[in-house]
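K.L.:
Need a 3D model of the following:
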Amino acid sequence: MGSLMSYAHKTLVFLVSLVCGLAAVSFAAPHVAAADVNISLFGSRAEGWGFTNTSITSPGPALTVHVGDNVTLNLTANDTFAHRWFIDYNGNNVSSGTEPTSPIFGTAVLWNFTVSNVTGTYRYRSDRTAGAGDDLSTMWGNITILAAEGPGLFGGDNTVLVIVGSIVIVVAVLVFATYFWRRMKTPPPPPEKE
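P.N.:
Numbering: from 1, shown residues only. Take a look at the predicted model:
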């Protein structure tokens, strides 16, 4: 009886330690460092945006980035007009103070920004006109901002997976402990008579 109790006690201590270790790892898991994303875009008021000066279309190419990414845009004007690239979060077709906005460029500019915590699909645009009556309805494309990537099996943060796993282990430990506690309280059967 004493060795059974000692075995059950050691097993319980081991399993509780394992659960505590998993819980600590789930809360201490570091996020993957932000990615450096390089994008080259060529813009033309008459044609739109493209990855090359011969692939300009309207809408321009779809872009995808993650929150926290360090984006370097190599922006080139493929016409003689001034442009200013920006992400139109509020959909008003004009660059606002909280929207990532490049400097004005007439030929080319290399510009960096860090993707802020605004997920969803938005339009990127140019908000510079060539003169009175000109519009920039061709100079847009979609940019999708995804949540930051974590170190997970599924491409994201595994915190939920680790927490669910920890709960399953805790439940298994409790079932195991309950079984042994009940078994230890059950008196052994009386010896058989000869």
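
K.L.:
just the helices in this protein please.
P.N.:
2-28, 159-185 (DSSP state H).

K.L.:
If I average pLDDT within each of these, which one is lowest?
P.N.:
Here the lowest mean pLDDT among those goes to helix 2-28, at a mean of 55.

K.L.:
Geometric centre of this protein: which residue is closest?
P.N.:
Ala148 (2.2 Å; Cα atoms, centre = their mean).

K.L.:
quick one: it from Thr98, how far?
P.N.:
To Thr98, Ala148 is 19 Å away according to Cβ to Cβ, to the nearest Å. From N, CA and C alone the C-beta is placed, and that goes for glycine too.

K.L.:
now swap in Ile145 and tell me
P.N.:
14 Å.

K.L.:
More neighbours: these two, which one.
P.N.:
Between Ile145 and Thr98, counted using other Cβ atoms under 10 Å, Ile145 has the larger neighbour count: 20 against 11.

K.L.:
Just give the closest residue to Asp53, not the sequence neighbours.
P.N.:
Actually, residue 53 is Asn rather than Asp. Phe42 (4.6 Å; Cβ to Cβ, 6 or more residues apart in numbering).

K.L.:
Where does pLDDT dip in the protein?
P.N.:
1-33, 129-135, 150-162, 186 (pLDDT under 70).

K.L.:
and the residue nearest to Asn53, how many neighbours does it have?
P.N.:
What Phe42 shows, counting by other Cβ under 10 Å, is a neighbour count of 22.

K.L.:
Dig out what it forms beta bridges with.
P.N.:
Following DSSP bridges, Phe42 is listed with bridge partners Gly50, Thr76.

K.L.:
Next up, the contacts around it.
P.N.:
Applying Cβ atoms under 8 Å, 6 or more residues apart in numbering to Phe42 gives the contacts Trp49, Gly50, Phe51, Thr52, Asn53, Ser55, Ile56, Thr76, Ala77, Asn78.

K.L.:
Turn these into TSV, including distance to Leu63.
P.N.:
Below are the contacts of Phe42 laid out as TSV (distance: Cβ to Cβ, whole Å):
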residue	distance to Leu63
Trp49	9
Gly50	12
Phe51	10
Thr52	15
Asn53	18
Ser55	14
Ile56	15
Thr76	16
Ala77	18
Asn78	18
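
K.L.:
I figured the residue nearest to the centre of the chain was touching Thr114, is that so?
P.N.:
No. Contact criterion Cβ atoms under 8 Å: Ala148 and Thr114 do not qualify, at 11.3 Å.

K.L.:
what touches both of these two?
P.N.:
Going by Cβ under 8 Å, 6+ apart, residues that sit against Ala148 and also against Thr114 are Ala34, Gly68.
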